[in-house]
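# model this:
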Amino acid sequence: MGIVSIKTISPVSQLGLWRMTEPWETLLAALDVPAADLAALEAISKDKRKQEWLACRALLKEMLGRYAVIGYDAERKPHLAGSDVDISMSHSGAYVCVYLRAGAPVGVDIQQMKPSIARGAFYFLNDAEMQWADLENNVQMHLIWSAKESVFKYAGDASIDLKKHITINPFSGNQNGRFEVKLQKGANQEIVQLQFDTFEDYVLTWTV
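Now for the predicted structure:
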């Protein structure tokens, strides 16, 4: 199927969504992958992971109009080589997504919903969130988890703890909308705005 959508989020940002129906060999044949990236691909043992890796780069090529090399910093945050455009990527189930923004950090996350997430809620919900979160609301639980993942990627700091350092402010609705997240980095607290959407059995969140 390939591209589902490429949305302009702002004059300097865009969000792309790709449904993976092609085997990884088909994706590879459609991309002019440089030698260094081919070596990285060959090091991946699982076909599903190869498919995700290539689908992200195929989507990125459609968004930029060219193949772009993705590097990683010491915190494992991705970046585009030789560019000031920030990138965040995510994959789950049949989908991958790529979020780009010039001159500012971004975070995106997609999650395929599962019925068992509430059983592990204490791993990612802190005391403040437990006061209002509805553990029986499966969509809400996945939105909270996904939002924390998006903010973690936005922060670009591997020491950030999803439970201790990221707090979702109460929100209503579970189809699409916006909510606020508190990010604690050392002594500093930042309010991060997130947008969310739901479709099929997936939730999607991204920083704005």
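# how distant is stretch 151-166 from the center of its chain?
In terms of Cα atoms, centre = their mean, to the nearest Å, the centre of stretch 151-166 is set 13 Å apart from its chain centre.
# all the helices of this protein, residue numbers only.
Using DSSP state H, the helices of the chain run over residues 24-29, 35-42, 47-64, 127-130, 138-155.
# low-confidence stretches in the protein?
1 (pLDDT under 70).
# if we go to 90?
The chain contains residues with pLDDT under 90 at 1, 73-76, 81-82, 115-116, 118-120, 172-176, 185-187.
# would you list every one of the strands in it?
Under the criterion DSSP state E, the chain contains strands at 2-10, 13-19, 70-72, 78-80, 85-92, 95-102, 108-112, 166-168, 176-185, 188-199, 202-207.
# excluding chain neighbours, what is closest to Glu190?
Leu183 (4.6 Å; Cβ to Cβ, 6 or more residues apart in numbering). All C-beta spots, glycine's among them, are computed from the backbone N, C-alpha and C.
# what is the burial count for that neighbour?
Leu183 has 20 neighbouring residues, counting by other Cβ atoms under 10 Å.
# again, but for Ala128
13.
# roughly how far apart are the residue lying closest to it once chain neighbours are set aside and Asn176?
Distances taken as Cβ to Cβ, 6+ apart put Thr167 closest to Ala128, at 5.5 Å, once the chain neighbours are dropped. Going from Thr167 to Asn176 by Cβ to Cβ, to the nearest Å gives 22 Å.
# between those two, which one's more packed in?
Thr167 (20 against 12).
# mind checking how far that one is from Asn174?
From Thr167 across to Asn174, the span is 19 Å (Cβ to Cβ).
# same thing with Glu190?
Going from Glu190 to Asn174 by Cβ to Cβ gives 25 Å.
# these two: which is more packed in?
A direct count of neighbours by other Cβ under 10 Å for Glu190 and Asn174 places Asn174 higher, at 17 against 12.
# the more buried one against Leu143, yeah?
Yes. The pair Asn174 / Leu143 is scored as a contact, 6.6 Å apart, by Cβ atoms under 8 Å.
# what sits in contact with each of those two?
Shared contacts of Asn174 and Leu143 (Cβ atoms under 8 Å, 6 or more residues apart in numbering): Thr198.
# ok, and what's touching stretch 130-140?
Residues from elsewhere that reach stretch 130-140, judged by Cβ under 8 Å, 6+ apart: 113, 115, 117-118, 121, 125, 141, 144, 170, 174, 198, 203.
# what's the offset of that stretch from the middle of its chain?
The answer for stretch 130-140 is 21 Å, by Cα atoms, centre = their mean.
# what of stretch 179-190?
19 Å.
# stretch 117-134 too?
Using Cα atoms, centre = their mean, the offset of stretch 117-134 from its chain centre is 21 Å.
# can you give me the end-to-end span of it?
End-to-end distance of stretch 117-134 (Cα to Cα, to the nearest Å): 12 Å.
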